[in-house]
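Colleague: any chance you could fold what I've pasted below:
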Amino acid sequence: KEGTICDLDMYVFEAVCKDIRRWSDYAMNPVRVSVNFSKQHFKDEHFADKILDVIHRQRISPTFIEIELTEASGFESFDNFVEFSKVMRENGIEVSIDDFGTGYSSLNLLKKLDVDIIKLDKSFIDTIQSNENQDEIFIKNIVNMINELGMRVVAEGVETDSQVAFLKQIACDAVQGYYFDRPMPRDRYEERLLEKRIY
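Modeller: Residues are numbered from 1 along each chain as shown. Below you'll find the predicted structure:
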């Protein structure tokens with residue numbers, strides 16, 4: 001409520017950009033990192049400028065950054081959200097909507113979103129292979145619609161072989177979850193970058 005979350009978000013974002021700079025300096029083959037931001041930032045007309053300033057100061061390629069916003073964040077200040085997304089994409093920064101299907105979900109808004117990636121909430125994925133065939137039909141058609149609108153789909157919270165198989169079958173672009181790995185300290189993640197591990 002007091003806006004401290006915005007300071008925390010920017011602190012985390014600066015730390016991420018510093019890590020990417022270090023990975024580049026040490027030839028560690030940086031990967032794109034998704035960074036979450038609160039809806040509170042849309043009250044700040046200079047939000048996009050602040051993002052670009054950090055990227056430029058740390059001398060990193062915008063292609064290594066993905067700005068992730070919770071689904072509800074764009075809908076309270078939709079015009080600000082659209083303008084922010086436009087500026088990000090013009091500067092080569094991908095924008096994603098997190099937790100799609102929760103909060104203020106609306107299929108009508110989906111066609112208005114000018115973003116790169118839609119991340120399906122874990123609550124969708126939990127119903128795969130649960131004897132509810134309607135759920136799988138729904139997920140399949142959501143993924144197909146998002147793809148036809150020119151956006152990519154990431155399924156969140158994937159934990160089982162059967163979930164992976166189903167998502168692959170319906171042409172979901174990417175998946176994330178404990179099936180592949182759990183959160184880890186930065187040092188361990190950097191070891192992974194050096195190992196060039198293939199899952």
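Colleague: now do the strands in this structure.
Modeller: 33-37, 65-70, 94-100, 117-120, 152-155, 174-175 (DSSP state E).
Colleague: give me whichever of the ones you listed is most buried.
Modeller: Mean neighbour count (mean count of other C-beta atoms under 10 Å) peaks for strand 117-120 among the strands of the chain, with a mean of 23. The way it works is simple: take the backbone N, C-alpha and C, and place the C-beta from them, glycine included.
Colleague: partners of that strand in the sheet?
Modeller: Using DSSP bridges, the strands paired with strand 117-120 are strand 94-100 (parallel), strand 152-155 (parallel).
Colleague: in this structure, which helix or strand is least confident?
Modeller: helix 73-76 (a mean of 58; mean pLDDT, DSSP states H and E).
Colleague: ok so, going back, so which of the strands of the chain gets nearest Glu14?
Modeller: strand 33-37 (10.1 Å; C-beta to C-beta).
Colleague: so what touches that closest one?
Modeller: By C-beta atoms under 8 Å, 6 or more residues apart in numbering, the surrounding residues in contact with strand 33-37 are 9, 12-13, 16, 19-20, 64-70, 73, 96, 98.
Colleague: swap in stretch 182-189?
Modeller: Asp19, Arg192.
Colleague: state the mean pLDDT of that stretch.
Modeller: In this model, stretch 182-189 carries a mean pLDDT of 89.
Colleague: and that stretch, how far apart are its ends?
Modeller: End-to-end distance for stretch 182-189, by C-alpha to C-alpha, to the nearest Å: 11 Å.
Colleague: circling back: tabulate the strands of the chain (JSON lines), appending distance to Ile55 and mean pLDDT.
Modeller: Listed next are those as JSON lines, based on distance: least, C-beta to C-beta, whole Å; pLDDT from 0 to 100:
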{"stretch": "strand 33-37", "distance to Ile55": "11", "mean pLDDT": "94"}
{"stretch": "strand 65-70", "distance to Ile55": "6", "mean pLDDT": "91"}
{"stretch": "strand 94-100", "distance to Ile55": "13", "mean pLDDT": "89"}
{"stretch": "strand 117-120", "distance to Ile55": "19", "mean pLDDT": "92"}
{"stretch": "strand 152-155", "distance to Ile55": "22", "mean pLDDT": "95"}
{"stretch": "strand 174-175", "distance to Ile55": "23", "mean pLDDT": "94"}
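Colleague: can you put those in CSV and add distance to Glu195?
Modeller: As requested, these are arranged in CSV below (distance: least, C-beta to C-beta, whole Å):
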stretch, distance to Glu195
strand 33-37, 18
strand 65-70, 23
strand 94-100, 25
strand 117-120, 26
strand 152-155, 23
strand 174-175, 21
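Colleague: where does pLDDT dip in this structure?
Modeller: 71-76, 102-108, 131-132, 196-199 (pLDDT under 70).
Colleague: the helices in it, which residues?
Modeller: For the chain, the helices defined by DSSP state H cover 4-25, 47-57, 73-76, 78-90, 107-110, 122-125, 133-148, 161-169, 186-195.
Colleague: so which of those gets nearest Asp116?
Modeller: Taking the helices of the chain one by one with C-beta to C-beta, helix 78-90 is closest: 7.1 Å.
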